[in-house]
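Novice: Pasting a predicted model and its sequence here:
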Amino acid sequence: GGGSNAATGAGAGGKGPIVMGFAQVGAESGWRTANTKSVQESAKAAGITLKFSDAQQKQENQIKAIRSYIQQKVDVIAFSPVVETGWDTVLLEAKRANIPVILTDRAVDSEDKTLYKTFLGSDFVAEGKKAGEWLVKDSQGKSEVNVVELQGTTGAAPAIDRKEGFAEAVKAAPQIKVIASQTGDFTRSGGKQVMEAFLKSNPKIDVVYAHNDDMGLGAIEAIEAAGKVPGKDIKIITVDAVHDGVQALADGKINYIVECSPLLGDQLMDLAKKVVAGQSVPERVVTQETTFTQEQAKAALPQRKY
Ligand code: AHR
């Protein structure tokens, strides 16, 4: 970003620390809290000055934050878009101001790939597939498996992609049916509320597929309140593997977790330095992730950092 560097004397010119404006989604989940911490700690370690804003899961707040970073002439903007669409105008404003943008965690659905330099984050479709593949194996020999799905925030990349990946994988087993699917907004309270409604209107639920741990943890509360045993009467599959999720898995209340790593900070700061220095970066950086069974959760729990 030439223009901004000239104006601030920072960044590529090497005169001062790089200034990054980071527009976070919110604080909706344990994952998000860990992600924020990672970004803040990594910025500090990398000597990058971080301007941080929390959009409380509202796109208009994120757009406002990005506009204010443009006005402040930061060297680089990083953000995790709450939803996929509706970013072209503000990203064009950043481009015209010569401020490079890095997408982190979530993607935008934009035709114009020149509006951002790179996208660092997980493959959410692959995560959904892994969840579905586990269920296909677990459903062998069963004649009917009724699934309720707790979706993430409507319009968010992880909600769209985790739904799609799961649906694709479970096609392999026609006895698996998704009988209800609704958003719980990636929050514990959202997951609990939607699960309460699902339990009232569906007499036979065999499996909950929650797009994140927090909604799964909320569903556990609803299932227990209804006098059923989570992990036994109703199996639960989630995504993330934050500490509380892995704990519930080790305790037998969740049956399987697909990992989504929130620890993106170090990679983000590396990419930011390169982008500000005008070096080329890969257009996509995919996070390495694993999966956890109940046994693996017991073994992994003591080392989980978040
Ligand atoms: O974008 C990543 C998702 O957002 C996480 O899986 C979820 O917990 C968070 O809210």
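Specialist: Nice, I can see it.
Novice: name the element residue 158 belongs to?
Specialist: helix 157-170 (DSSP states H and E).
Novice: and the helix or strand following that helix, which strands flank it?
Specialist: Under the assignment DSSP H and E, the closest C-terminal helix or strand after helix 157-170 is strand 176-183. Next to strand 176-183 in the sheet, as set by DSSP bridges, lie strand 145-151 (parallel).
Novice: Just list the residues touching residue 186, thanks.
Specialist: Going by CB atoms under 8 Å, 6 or more residues apart in numbering, residue 186 touches 28-29, 32, 152-153, 156, 158-159, 211-212, 214-215. Placement of C-beta: from N, CA and C, glycine included.
Novice: Apply 6 Å and report the result again.
Specialist: Neighbouring residues of residue 186 by CB atoms under 6 Å, 6 or more residues apart in numbering: 28-29, 152-153, 212.
Novice: Also residue 130?
Specialist: Applying CB under 6 Å, 6+ apart, the residues near residue 130 are 258, 291.
Novice: Would you check how far apart whichever residue of the stretch 51-200 of the chain sits closest to the ligand and residue 218 are?
Specialist: Closest contact between the stretch 51-200 of the chain and the ligand, by CB to the nearest ligand atom, is at residue 186 (3.7 Å). In this view, residue 186 and residue 218 are 10 Å apart by CB to CB, to the nearest Å.
Novice: what do you get for residue 274?
Specialist: From residue 274 to residue 218 the distance is 40 Å (CB to CB).
Novice: helix or strand for residue 267, which one?
Specialist: Assigned by DSSP H and E, residue 267 falls in helix 265-276.
Novice: ok, the helix or strand in which residue 120 is found: who's next to it in the sheet?
Specialist: Using DSSP H and E, residue 120 falls within strand 118-121. Strand 118-121 has the following strand partners under DSSP bridges: strand 101-104 (parallel), strand 284-286 (parallel).
Novice: that older thread, of the contacts of residue 186, which are in range of the ligand?
Specialist: 28-29, 212 (CB under 6 Å from any ligand atom).
Novice: Past the worst-scoring helix or strand of the chain on mean pLDDT, which element shows up next along the chain?
Specialist: Ranked by mean pLDDT, DSSP states H and E, the weakest helix or strand in the chain is helix 2-8, scoring a mean of 43. Downstream of helix 2-8, the next assigned helix or strand under DSSP H and E is strand 19-24.
Novice: other SSEs contacting the next helix or strand after that following strand?
Specialist: For strand 19-24, the following helix or strand on the C-terminal side (DSSP H and E) is helix 30-46. Counting contacts by 3 or more CB pairs under 6 Å, 6 or more residues apart in numbering; DSSP states H and E, helix 30-46 is packed against helix 265-276.
Novice: can you list the residues of the protein near the ligand?
Specialist: 28-29, 31-32, 105-106, 158, 186, 212, 239-240, 260.
Novice: Nearest to residue 47, out of the residues you listed: which one, please.
Specialist: Proximity of these to residue 47 (CB to CB) peaks at residue 105, which lies at 22.6 Å.
Novice: Find the helix or strand that the residue nearest to residue 226 when sequence neighbours are not counted is a member of.
Specialist: Excluding its sequence neighbours, the residue lying closest to residue 226 (CB to CB, 6 or more residues apart in numbering) is residue 199, at 4.9 Å. Per DSSP H and E, residue 199 falls inside helix 188-201.
Novice: Give the buried residues for that helix.
Specialist: Under the neighbour-count criterion of 16 or more other CB atoms under 10 Å, helix 188-201 has 188, 190-196, 198-199 buried.
Novice: Quick one: these as JSON lines, columns for distance to residue 205 and pLDDT too.
Specialist: Shown next, in JSON lines, are the buried residues of helix 188-201 (distance: CB to CB, whole Å; pLDDT from 0 to 100):
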{"residue": "188", "distance to residue 205": "19", "pLDDT": "98"}
{"residue": "190", "distance to residue 205": "18", "pLDDT": "98"}
{"residue": "191", "distance to residue 205": "14", "pLDDT": "98"}
{"residue": "192", "distance to residue 205": "15", "pLDDT": "98"}
{"residue": "193", "distance to residue 205": "16", "pLDDT": "98"}
{"residue": "194", "distance to residue 205": "12", "pLDDT": "98"}
{"residue": "195", "distance to residue 205": "9", "pLDDT": "98"}
{"residue": "196", "distance to residue 205": "12", "pLDDT": "98"}
{"residue": "198", "distance to residue 205": "6", "pLDDT": "98"}
{"residue": "199", "distance to residue 205": "7", "pLDDT": "98"}
